[in-house]
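Asker: build me a structure from this.
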Amino acid sequence: LHVYGTYDLRTGRVWQVKRAVTEQVLLHHLQGKQPYGVYLLVRDRIRALAVDFDENDLLPPIDFIAAAGHYGITAYLERSKSKGYHAWVFFPPEGVLAARARLVARHILAEIQQPHTEIFPKQDSLGNDGFCGNFINAPLFGRLVPQGRTVFLDPKEPTRRHPDQWALLASVKRVSAKLLDEVIEINDLAKKQPTSPAPPARNITGQTFGLPP
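Answerer: Predicted coordinates for the structure are as follows:
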């Protein structure tokens, strides 16, 4: 299934586009012509996770990044398109189980007393009913970048955007499934793991994950 999300630049109305994510779609996003929203979840696996801090307070996302770093998990902070911040965590190309990654993210949010913060994807897995989950707007939307929006912030000075967005993305530290399992074991989180079975396998040949390179 090829699908992405977008929104109207004038009204803010959002909708789903059931077409392939082509280079032109990504280019139009980077040029600021039409936004691209990414559906992170494919069946039960993800290659990226985003925690959506919906307020302009910089302290909670910084706390999340610090708490994640305590477990060896590197998260990257993005200024969102309107208000608030997204903390992104990236995984290997083969992906990790969304349920495990979301479980760890929820634990970290509980540790920093932000348990109600949204996590994308919002589901652990997808069924065969055609539902694709929820999309999140991809970073680096060209029209907002000059305003300091949808850009990744400098880990050393989070009040400023990183001077080289492409270099930052090229050097991201990916979190392995093994590390997620270690965090789950150390904190005895397995009993909180959802027990619902994974959906039946589908043919997803050609399906892409996560953010564009």
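Asker: what about Val3, neighbour count?
Answerer: Counted with other Cβ atoms under 10 Å, residues neighbouring Val3 total 18. No exception for glycine: its C-beta is placed from N, CA and C like everyone else's.
Asker: that one reaches Gln16, doesn't it?
Answerer: Yes - Val3 is within contact range of Gln16, at 6.2 Å (criterion: Cβ atoms under 8 Å).
Asker: quick check: neighbours shared by these two?
Answerer: Here Val3 and Gln16 have Cys132 as joint contacts, going by Cβ atoms under 8 Å, 6 or more residues apart in numbering.
Asker: Phe152: neighbouring residues, count only.
Answerer: 21.
Asker: then Leu77?
Answerer: Counted with other Cβ under 10 Å, Leu77 comes out at 23.
Asker: ok, now Val25?
Answerer: Residues lying near Val25 (other Cβ under 10 Å) number 18.
Asker: residues contacting it?
Answerer: Contacts of Val25 were listed using Cβ under 8 Å, 6+ apart, and they are 4, 19, 34, 36.
Asker: next SSE after the host helix or strand of it?
Answerer: Val25 belongs to helix 23-31 when assigned by DSSP states H and E. Using DSSP H and E, the helix or strand that follows helix 23-31 in sequence is strand 37-38.
Asker: what lies in contact with that following strand?
Answerer: Strand 37-38 has contacts (Cβ under 8 Å, 6+ apart) with 4-7, 14, 48, 135-138, 210-211.
Asker: sec struct for Ala67, please.
Answerer: With DSSP: H, G, I helix; E, B strand; the rest coil as the basis, Ala67 sits in helix.
Asker: surely it and Ile112 touch.
Answerer: Yes - using Cβ under 8 Å, Ala67 is in contact with Ile112, at 5.3 Å.
Asker: where does pLDDT dip in this structure?
Answerer: By pLDDT under 70, the weakly predicted segments of the chain are 1, 192-213.
Asker: how about the helices in it?
Answerer: Per DSSP state H, the chain carries helices over the ranges 23-31, 59-70, 98-111, 165-170, 177-186.
Asker: then the first one to PDB, C-alphas only?
Answerer: What follows is the C-alpha trace of helix 23-31 in PDB, where atoms were taken according to Å, rounded to 0.1, in the frame of the first residue of the first chain:
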ATOM      1  CA  GLU A  23      10.800  11.700  -5.700                       C
ATOM      2  CA  GLN A  24       8.500  14.500  -6.900                       C
ATOM      3  CA  VAL A  25       6.400  14.300  -3.700                       C
ATOM      4  CA  LEU A  26       9.600  14.600  -1.600                       C
ATOM      5  CA  LEU A  27      11.000  17.400  -3.700                       C
ATOM      6  CA  HIS A  28       7.700  19.400  -3.500                       C
ATOM      7  CA  HIS A  29       7.900  19.000   0.300                       C
ATOM      8  CA  LEU A  30      11.500  20.200   0.500                       C
ATOM      9  CA  GLN A  31      10.700  23.100  -1.900                       C
END
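Asker: perfect, that will be all.
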